[in-house]
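> What follows is a predicted protein model with its sequence.
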Amino acid sequence: MICRWIAFNPSKISRVLSPFSSLFSTKLSSSSVAKLDDEPLSATNFTSDQRDYFGHEILFGMKKIGFREYLHGGQFRSVASELRQVHVEEIMCELMGESPDLSVWFFKELKDVYGFRHSRLSSLLVSHILAGQRRFKELQVVVEELLREEGKKWESTNVVWDMLLFLSSRSKMVDDSLYILEKMRDLNLSVSTQAYNSILYNFRETDKMWDVYKAIESKNEHTYSTIVDGLCRQQKLEDAVSFLRDSEWKDIGPSVVSFNSIMSAYCKLGFVDTAKSFLCTVLKCGLVPSVHSHNILINGLCLAGSIGEALELAGDMSKHGVEPDTVTYNILAKGFHLLGMIKWVWEVIQQMLDKGLTPDVITYTILLCGHCQLGNIDKGLRLLKDMLSRGFELNSVIPCSVMLSGLCKTGRIEEAFSLFYRMQANGVRPDIVAYSIVIHGLCRLGELDLAIWLYDEMCAKRILPNSRTHGAMLLGLCRKGMILEARALLNSLISTGCTLDIILYNIVIDGYAKSGCIEEALELFRGVIESGITPNVATFNSLIHGYCKTQNIAEARKVLDVIKLYKLVPSAVSYTTLMNAYANCGDTERVDELRREMKANGISPTNFTYSVIIKGLCIGRKLEKYNQVLRDMASEGVTPDQITYNTVIQHLCRAKDLFRAFELLEEMKSRNLEPTPATYDILINGLCFYGYLKDAERFLCSLQERDVSLSKFAYTTVIKAHCVKGDPEMAVKLFLQVLDRGFDVSVRDYSAVINRLCRRELAKEAKFFFCLMLSRGVSPDLDICRVMIKSSDVLGWTIKAEKLSQEEINLSYRMVPSGANCINISFFNGSLTVQSSFGVPSTNTKRHWWFCFSSLKPFCLVQFFGMGLKSLSLFLTVTSCKVVVLGVRTYLVNV
DNA sequence: CTAGGGTTAG
């Protein structure tokens, strides 16, 4: 029977039976199995041929009717008595592939309802499912019954218990394994060394390790090497060495495995030389260092930056009687990758292929990292595709994560998203890292809604967010200007009691700094210090930025010294931020001073630094020094990038030197620097500003024809110029193009156009844009309201502005993609009532975040605009420090 | 023993 089953489904049997079958193989003779299998449960009227098809027919029926329905139906009951173990086995195998739970249920149902006696194979199948699902109690029942069937009765209890202990311990179920251990002691059952070693392994990072160690009666080599490994992990390296030297097990002698643990630990602490000396000790003890030992040292050398020595040691391996393996080459490839020497990564892998070794997933992943690091995203995508076609798809989520990260970093979020779902279709399940990468990518680009959606999806899959995920969400909130919400999230993380990373604080401090709230940034910074968390340079850099943003350069300058007080070193960012503030005032003297200080402290200027320096020259009207700066850049090995060019082009435009500005555009292209959308913004703006509207329009068209990606600004600049020049037709034409191209058109864009049109008394066109805005679901802001009120064609009343208390308007804001910012407004007996439709924030909907602005006293301004006789549009604007909710509803009100 | 994710400046 078993042979037939193997032939029937060979792939399943090895996967399903391997660990358990060894346990029983000695206990069951093949003849007893055959006897059990062939014994019918009841007298049968079926021929043998019919019998063969019986199982298939039942399966067919089950599939057609539905499993549970079939089993409880009359059709099944009528054949149940004819069911034989062969059929049950076939059905169970079939069901396992579809649903392990169903097959357990089938097993139990047959036994409990029909009193079916299951075969050894069925019992083993079910045991495997139960063991896999850690349902140890049920497993025990099944296995015990199986043993009883075999006539072995209870003397096997010990084996069962020990196996349970071993399995639970190996599955890292520490509490369960301790419980089982306790029970076994109560029952006076002996514990195998294998099971004990596994428990020891789980406790090797704690002091409890010794209690387990003492309890083990017959210790073996594994026991000792686990202790050594444990001591290494507890940073007790000297204890590990002395345990190795003076322990009680001289008869067995130390193993290479123990030395490997010690060498690895020394490497991790950065003591590669000490680690190397242990290689000699290994030899002195008469042991042979394994490939493993060499790999540990080679890895240590690579991480220490000594790639030369690492290569040398790899070359010496054959002298020591071992050959480098795939892991060795992977380590070397990663070493070169870390040094940014991507070409050598290829070289190493080529050598590996020459040696006849096969690259594994890790080799490919390192290559993929190289492509992504060089910005060759498309090459990366091709490599990933190649990997998938080589059947690596089920191996790991990591290569996909590398690709996701590469796509996100280059802003190709749609492709990242599509890869994210394609990999799942291929059976690669995203983990916390993959989710965090995509969530971060979305947050970085301001796609907060999508990020929250993914975050919820992740939580629903019981993948718990960690510090990185929270960091991404904080960043997303800050980028959207939702600093209050970011702070609320940070506070809630703090209130969970775990110590937070400085980076999480940095994100919020920077959020404050960027929105000009230096006081709040400082308050949070003080909080960081009070909770004993060490700030890093980025923390201070954000503070510098915050001071500069609020025009307090003197304080910003002082932070530079504070950095040193904290025993940190100011970075290029620190200096560049400050220099930028001085450059914006054209203070080239201070810029130069900082440049000298930077040099004296051994910090190299970056592309950012140079563009700031050049900007300073432009604003300070010291362009004669420009060529000298270019020479400095060249000698420092810093090549100008697009933004350096943009800076110069912008200032040429401001100086009305459009000819040279366009010359620089050509120079950029000749240097293989693809102009950015901002480059075109600057040029188009320059043309419009000096009245070359026709040229601007022509330039815009030529760019469109060449399918160059343009920003919304390029269009609105030309549109605004048309409004000013009194050509609303062209303005309308271009504006519709902007909408067509899917740009995110904001109230400010409408406002800019409407303002200009009103100023030119083009009321008809202004009204057209106003209606266009309403039809696109964009709410007007106060500016537009004012302008429209002034415009003679539109009637308007300002009813009143009143302060509402928290009780009157319970304002909360829910972050969900669908947007639940619904506010009910009723106009009754001449008085106005405002209610939020979603009530008090609820704490039981934790998957969505609720923010209640409890400290907010909203200021409510309601304005009515007559858009016709009976149709009135009601605009509700709730303002505090910023506009929180903007809702537009059109109501029919009898006036 | 080898592969993936975060903060700051133009």
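That came through fine.

> only C-alpha atoms for contact and neighbour calcs from this point on.
Noted.

> Low-confidence regions, chain A specifically.
Judged by pLDDT under 70, chain A has its weakly predicted residues at A:1-56, A:147, A:150-157, A:247-251, A:392-395, A:779-782, A:785-786, A:788-895.

> Do you have the strands of it handy? List them.
Assigned strands in chain A, in chain order: A:795-803, A:812-814, A:823-828, A:831-836, A:850-852, A:859-866, A:871-879, A:883-892 (criterion: DSSP state E).

> and stretch A:303-311 with DNA strand B, contact?
No: residues of stretch A:303-311 contacting DNA strand B under Cα under 7 Å from any atom of the strand: none, with a closest distance of 9.2 Å.

> Touching that stretch from outside, list them.
Among residues not part of stretch A:303-311, those counted as contacts by Cα atoms under 8 Å, 6 or more residues apart in numbering are A:270, A:272, A:297, A:298, A:299, A:301, A:302, A:332, A:335, A:336, A:339.

> rerun that using 7 Å as the cut-off
Contact partners of stretch A:303-311, identified using Cα atoms under 7 Å, 6 or more residues apart in numbering, comprise A:270, A:298, A:301, A:302, A:335.

> count of neighbours near residue A:216?
Per other Cα atoms under 10 Å, the neighbour tally for residue A:216 reads 17.

> Please report how far it lies from DNA strand B.
From residue A:216 across to DNA strand B, the span is 24 Å (Cα to the nearest atom of the strand, to the nearest Å).

> For that residue, list the residues it contacts.
Neighbours of residue A:216 in contact, by Cα under 7 Å, 6+ apart: A:193, A:196.

> From residue A:209, how far out is it?
Taking Cα to Cα, to the nearest Å as the measure, residue A:216 falls 11 Å from residue A:209.

> try residue A:713
With distances defined as Cα to Cα, the gap from residue A:713 to residue A:209 amounts to 66 Å.

> okay if I get the contacts of stretch A:303-311 as CSV plus distance to residue A:491 and neighbour count?
Compiled in CSV, those are given as follows (distance: Cα to Cα, whole Å; neighbours: other Cα atoms under 10 Å):
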residue, distance to residue A:491, neighbour count
A:270, 37, 15
A:298, 45, 28
A:301, 42, 27
A:302, 41, 24
A:335, 40, 27
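
> tell me which of those is nearest to residue A:592?
Distances from the contacts of stretch A:303-311 to residue A:592 were compared by Cα to Cα; the smallest belongs to residue A:335, at 38.6 Å.

> Just give me the neighbour total for the residue lying closest to residue A:287 once chain neighbours are set aside.
For residue A:287, ignoring the flanking residues on the chain, the nearest one in space by Cα to Cα, 6 or more residues apart in numbering is residue A:256 at 6.8 Å. Here the neighbour count serves as a burial measure; for residue A:256 (other Cα under 10 Å) it reads 20.

> picking up where we left off before, give the residues shared as contacts by residue A:216 and residue A:209.
Contact criterion Cα under 7 Å, 6+ apart; no residue bridges residue A:216 and residue A:209 by contacting each.

> I'd say residue A:126 and residue A:104 touch.
Yes: taking contact to mean Cα atoms under 7 Å, the distance of 6.0 Å between residue A:126 and residue A:104 places them in contact.

> Comparing those two, which residue is more hemmed in?
residue A:126 (28 against 20).

> how far away is that one from residue A:105?
Applying Cα to Cα, the value for residue A:126 to residue A:105 is 10 Å.

> what's the answer for residue A:743, then?
Using Cα to Cα, one obtains 56 Å as the distance from residue A:743 to residue A:105.

> Those two: who's more crowded?
Each of residue A:743 and residue A:105 had its neighbours counted (other Cα under 10 Å), and the higher figure belongs to residue A:105 (14 against 11).

> Can you name the residues that contact the spatially closest residue to residue A:473 that is not a sequence neighbour?
Nearest residue to residue A:473, sequence neighbours excluded (Cα to Cα, 6+ apart): residue A:443, at 6.6 Å. Counting by Cα under 7 Å, 6+ apart, residue A:443 touches A:451, A:472, A:473, A:475, A:476.

> what about residue A:584, neighbour count?
By the other Cα under 10 Å criterion, the neighbourhood of residue A:584 contains 17 residues.

> residue contacts, it?
The neighbourhood of residue A:584, defined by Cα under 7 Å, 6+ apart, consists of A:616, A:619.

> Let me know the distance separating it from residue A:611.
Following Cα to Cα, the distance that separates residue A:584 from residue A:611 is 12 Å.

> if we can go back for a sec, I'd guessed the residue nearest to residue A:287 sits against residue A:289; true?
Yes: under the criterion of Cα under 7 Å, residue A:256 makes contact with residue A:289 at 6.5 Å.

> which residue packs closest to residue A:480, ignoring adjacent ones?
Using Cα to Cα, 6+ apart, the nearest residue to residue A:480 is residue A:446, at 6.2 Å.

> and that neighbour, how many neighbours?
By the measure other Cα under 10 Å, the count of residues near residue A:446 is 18.

> For it, give me its contacts.
When contacts are counted by Cα under 7 Å, 6+ apart, residue A:446 touches A:476, A:479, A:480.

> would CSV of these with neighbour count and distance to residue A:675 be doable?
Listed next are the contacts of residue A:446 as CSV, based on neighbours: other Cα atoms under 10 Å; distance: Cα to Cα, whole Å:
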residue, neighbour count, distance to residue A:675
A:476, 28, 28
A:479, 21, 25
A:480, 17, 27
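
> Near DNA strand B, list only the ones from those residues.
Checked against DNA strand B using Cα under 7 Å from any atom of the strand, those yield no neighbours at all.

> Just the ones in helices from those residues, please.
Among the contacts of residue A:446, the subset assigned to helices under DSSP state H consists of A:476, A:479.

> care to break chain A down by domain?
The domain map for chain A lists A:1-151, A:498-562, A:794-895, with the assignment taken from automatic domain parsing.

> now the residue nearest to residue A:405 when sequence neighbours are not counted: how far from residue A:174?
Take residue A:405 and drop its neighbours on the chain: the residue closest to it by Cα to Cα, 6+ apart is residue A:437, 6.0 Å away. When distance is defined by Cα to Cα, residue A:437 is 32 Å away from residue A:174.

> These two - which one has more neighbours?
More neighbours sit around residue A:437 than around the other of residue A:437 and residue A:174, counting by other Cα under 10 Å; the figures are 23 against 16.
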